[in-house]
Every structure is written in structure tokens, then in C-alpha cells.
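Engineer: sequence? don't have it. structure:
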């Protein structure tokens, strides 16, 4: 297998990030990625803000016909420090990304199955789904918590809302588990397109909506987003849940759980609070 690519990584501060990214593009990088240089967590930013770490590593992917020595020297003359130079053999890149994902089981029945894999489907609820542009592949704790809830719930014949649907994974799981109707809501049109594509692939029907359209109350509402929007949307999500129905909230860090609970406890009864690796799922019954 011939060498066809190399990665060049440089460190910089938040203030010079734009300059360094621009340097990579101007010097022929075919892709540029940014990551934290110090393993510092970033929690929820205020609405509209794009968080960036104080110290970052920027990596450019170059074809082998570029001179790594010339690029390294030029990088230094521009005042940036080289962190790493990595040679990469050619490979099937589209398959390489999918290879990071394998069939995953949630609870007793629900499985996520990426392209290129097959499992015995009898007795299982299998969702055919690949990682894509809209997040929500079941790999994050918050999605896992919601899928495990669905696996253990009896939702046959129920009306379901998946608010903040992303890839549509939760709504599709609900449809495959026998929900009568599923409405998927997201503020990103690309996510709604991904949801419809994934629903078609799984041979289930879901409806998709942008926020702002009045929702018909449902017997089960799923909202796997973040703590701040869960608090801000509490009245909307409660109104979308039928009396006696269940409201499942996820995307909440353990330290934020009390904040979210306070926003809902006057209008719903908390049935369960489940923690997994510092993330929390709250299940409510609408009063």
C-alpha cells in the first residue's frame, strides 16, 4: 500500500486560531480539524456563541506530493509550533469512517446496525443507521439512555414526539417499537432531511417539523437536547405531553439535574432519574 497522505499538526492559542486555519487552507490542505490541546471541558455556551478552547491543535491533511519539510519551515516562519507530523497510508476513507461503528445493542431488543454488518434479526428491533451529518447514532450516553428507555417501555399504539430529533434515531426506534404516529422536530433542516432519509431506509413513516408549528399533544415526548434549552422549553414540552403521558428528558449533566427538575416539578411527577457516566435521564408523568 503506497503512502499518499500526511497529517501536519500545529499548536496555537484561541486568538490565532483563525490565522492558523487560514494558513492550512492557503497552503493546500484538503481538510482541517481543530481539537483541544489541554483536555479542558467546555460546557454549554450562551445561545449564539461558538465555544473554543484556550489552547488548540490544528491538523491539516495533505497529499504526498506536498513537501512536509517546506511546510514545516513555512509554518515556523509564520510563528507556529509544529506538534506532530504523521504519514498516512492510502485507504478507503469512506469505509474507514464507518469502521469506527459496529452493531450496538440497547437493552434487550433495540439494535443499531451500520452498513456492512448483519445480525440475526429475529426477536430484535433493528435500526439500520450510519453516522452522518446530523448527530445521533446511539454512541453518546444521552442517546443510549433514551434508547434503553424505549426498549423497556410499552409504546405500541402511542403518539410520540421526538423533539430535537437529529438523525431521527429515537423517533425511528419508537416507530419500529409500534408507535401509532411519530412527529420529529428539529431547528436544523438538514437534520429533518436526515431523519426522513433514515426513516425511509428503515421502512417506517415519521412526520417532520421545524419549531414554531403548534404540536398536537402526544402520549410520549422525547427531548434529548441540552439542559439549558430543556429549561427554556419546559412549558412547550409540557404542553406537548398529554395529561397522564410521559416526558423523557436527556442531554443533562448530573450537575445540572436539579436545575432541570426545578423547571418541571410543579407540572409533572418525576418517575425516575437514571445516571450513566455523569449524564442523566429524567422520566416524568404529566400531571
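Structural biologist: Sure, I can see it. Because the structure is predicted, anything quoted here is derived from the model rather than measured. Numbers count the residues shown, from 1 in each chain.
Engineer: Domain boundaries for the chain, per the record?
Structural biologist: Here the domain assignment for the chain is 3-91, 137-286, based on automatic domain parsing.
Engineer: for these, which one ends up most surrounded?
Structural biologist: Among those, the stretch with the highest mean neighbour count (mean count of other CB atoms under 10 Å) is domain 137-286, at a mean of 19. Where C-beta positions appear, they are placed from N, C-alpha and C, glycine not excepted.
Engineer: who's in contact with the closest residue in space to residue 78 that isn't next to it in sequence?
Structural biologist: In this structure, residue 78 finds its nearest non-sequential neighbour in residue 23, 6.1 Å apart by CB to CB, 6 or more residues apart in numbering. Neighbouring residues of residue 23 by CB atoms under 8 Å, 6 or more residues apart in numbering: 75, 78, 80.
Engineer: which strand in this protein runs the most residues?
Structural biologist: strand 241-253 (DSSP state E).
Engineer: and after it, which helix or strand comes next?
Structural biologist: helix 257-264 (DSSP states H and E).
Engineer: Report all helices and strands that that following helix contacts.
Structural biologist: Judged by 3 or more CB pairs under 8 Å, 6 or more residues apart in numbering; DSSP states H and E, helix 257-264 is in contact with helix 227-232, helix 234-239, strand 241-253, strand 268-276, strand 279-286.
Engineer: Would you format those as CSV with mean pLDDT and distance to residue 11 included?
Structural biologist: Shown next, in CSV, are the helices and strands packed on helix 257-264 (pLDDT from 0 to 100; distance: least, CB to CB, whole Å):
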stretch, mean pLDDT, distance to residue 11
helix 227-232, 94, 31
helix 234-239, 97, 42
strand 241-253, 96, 28
strand 268-276, 97, 34
strand 279-286, 96, 30
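Engineer: Of these, which is nearest residue 146?
Structural biologist: Closest approach to residue 146 among these is made by strand 241-253 (5.1 Å; CB to CB).
Engineer: Format the contacts of residue 23 as TSV; extra columns: secondary structure.
Structural biologist: Converted to TSV, those look like this (DSSP: H, G, I helix; E, B strand; the rest coil):
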residue	secondary structure
75	helix
78	coil
80	coil
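Engineer: now whatever helix or strand residue 148 lives in, how far from the centre of its chain.
Structural biologist: Following DSSP H and E, one finds residue 148 within helix 141-152. Here helix 141-152 is found 14 Å from its chain centre; the criterion is CA atoms, centre = their mean, to the nearest Å.
Engineer: Now do it and strand 279-286, the angle between them.
Structural biologist: With axes from the mean of the first three to the mean of the last three CA atoms, to 10 degrees applied, the angle from helix 141-152 to strand 279-286 works out at 50 degrees.
Engineer: Let me know the angle separating helix 141-152 from strand 268-276.
Structural biologist: Here the directions of helix 141-152 and strand 268-276 differ by 120 degrees (the same axes, to 10 degrees).
Engineer: where does the residue nearest to residue 78 land in three-state SS?
Structural biologist: On the three-state scheme (three-state DSSP), residue 23 is labelled helix.
Engineer: I'm done for today, thanks for sticking with me.
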